[in-house]
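J.: attaching a predicted model along with its sequence, questions to come.
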Protein chains: 2
Amino acid sequence: MMAEIEEIVNGLILELRRGTLILSVLSRLDQPKYGYSLVQELSEKGIEIDAGTLYPLLRRLEKQGLLESSWELADSRPRRYYFLSETGRQVYDRLREEWRKLVFSIENLMN
Amino acid sequence: MMAEIEEIVNGLILELRRGTLILSVLSRLDQPKYGYSLVQELSEKGIEIDAGTLYPLLRRLEKQGLLESSWELADSRPRRYYFLSETGRQVYDRLREEWRKLVFSIENLMN
DNA sequence: TGACAATAGTGTGCGGCATACAGTATAATG
DNA sequence: CATTATACTGTATGCCGCACACTATTGTCA
C-alpha cells in the first residue's frame, strides 16, 4: 500500500486489459494466424501481449471450442495456425455486442 | 469445454467487466458515498455489482490509498462513507486516460 | 561458426472477482 | 406489538486468468 501512483496505475491497467485480450485475439482470427504473427500484429495495433501470455490463451480458447488449429509444414518452419471455429464466431459476435454495451455504460459514468 | 455459447459468453463478460469495476467505482466517489448507495447508483447506470463484491473492493482500494472513509453516525443508521483521496484522484485521471486508449485500440481492431 | 531473430511451448504464483454466508438495525405491515 | 422485509456492512473461500520467467528449437545473417 501507498505505492507510487504509476505503479498502482500499471496494476490497474493490467486488470483493465484483462478479458479484452480475448476480444482482441478473436477479432483477428477470422483469418488463420500463428502465435508469433499475432503478437506482432496486435503490437502494431497498440495491444502489447507477451508471447508467454498468448500461447496459453490460444490453447485455452481451442480447448473451449472457440478456435481450431493446424500445423503448417509448408512454411520455412512449422507453425501452428489458429482460426475461429463456428462457435468462436458466434461467441465473438455476442461478446462484441456486450463489449459495446459496457463501453457505453462506463463512458456514461465518466461524464 | 464445448459448453453452451451463452455460458461461455457469460464467463467472458465476467472477465471483461473485471478491472472496469474499479473505474466505475472511482468515477462515482468524487462525492462521499456509502456502499449500498453505490450499488444502487451503479445499477441504475447499467453496472450490476453485488454488494459482496463491492465491499471488499472498497476496502482494497482504501488499503491501496485510493480511497478514504469515515463512519457517519448522523444518518438513520451508521454508514461508512468512502471518497477519493488525492492519490485516488490522480490514479483515476490516469486510468481514465488509459481506458480511452484501450477502447480506441480495441474499437480499431474490431473493424 | 556464432549470434541473434523467429517460433512454440510450460508452469508457477499472485490477485481479483463471484458467490455464499453471517449479522445487525430500521422500517413496514398486519 | 410482533413479525417480516429491507437496508446495510462485513468475511472467507475458491476458481480462473493473466503475467512472467523459463526452456527449446530452428532459421538467418554477419
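T.: Now that the structure is in, tell me what you want to look at.
J.: from now on I want contacts and neighbour counts done on CA atoms only, so please keep to that.
T.: OK.
J.: quick check: residues of chain A near chain B?
T.: Residues of chain A lying near chain B by Cα under 8 Å from any Cα of the partner chain: A:1-3, A:5-6, A:8-9, A:12-13, A:15-20, A:23-24, A:27-28, A:45-47, A:63-65, A:87, A:90-91, A:94-95, A:98-99, A:102-103, A:105-106, A:108-110.
J.: kindly recompute the last result at 7 Å.
T.: Contact residues, chain A versus chain B (Cα under 7 Å from any Cα of the partner chain): A:1-2, A:5, A:9, A:12, A:15-16, A:18-20, A:24, A:27, A:45-46, A:63-65, A:91, A:95, A:105-106, A:109-110.
J.: quick one, which of those are buried?
T.: Listed as buried from these are A:5, A:9, A:12, A:15-16, A:18-20, A:24, A:27, A:46, A:64-65, A:91, A:95, A:105-106, A:109; burial here means 16 or more other Cα atoms under 10 Å in any protein chain shown.
J.: which stretches of chain A form helices?
T.: Using DSSP state H, the helices assigned to chain A run over residues A:5-17, A:20-28, A:35-44, A:51-63, A:86-109.
J.: what's A:P78 sitting at in phi/psi?
T.: Here is the backbone geometry of A:P78 (degrees, to the nearest 10): phi -60, psi 130.
J.: nearest residue to it other than its sequence neighbours?
T.: Counting by Cα to Cα, 6 or more residues apart in numbering or on different chains, the nearest residue to A:P78 once its immediate chain neighbours are dropped is A:E72, at 5.6 Å.
J.: around DNA strand C, which positions in chain A sit nearby?
T.: Neighbours of DNA strand C within chain A, by Cα under 7 Å from any atom of the strand: A:15, A:34-37, A:51-53, A:55-56, A:77-81.
J.: counting neighbours, what do you get for the closest residue to DNA strand D within chain A?
T.: Residue nearest to DNA strand D within chain A: A:G52 (3.6 Å; Cα to the nearest atom of the strand). Counted with other Cα atoms under 10 Å in any protein chain shown, residues neighbouring A:G52 total 8.
J.: tell me the confidence at it?
T.: A:G52 is assigned 94 on the pLDDT scale.
J.: deepest-packed of the helices of chain A, please.
T.: Sort the helices of chain A by mean neighbour count, taking mean count of other Cα atoms under 10 Å in any protein chain shown, and helix A:20-28 sits at the top with a mean of 21.
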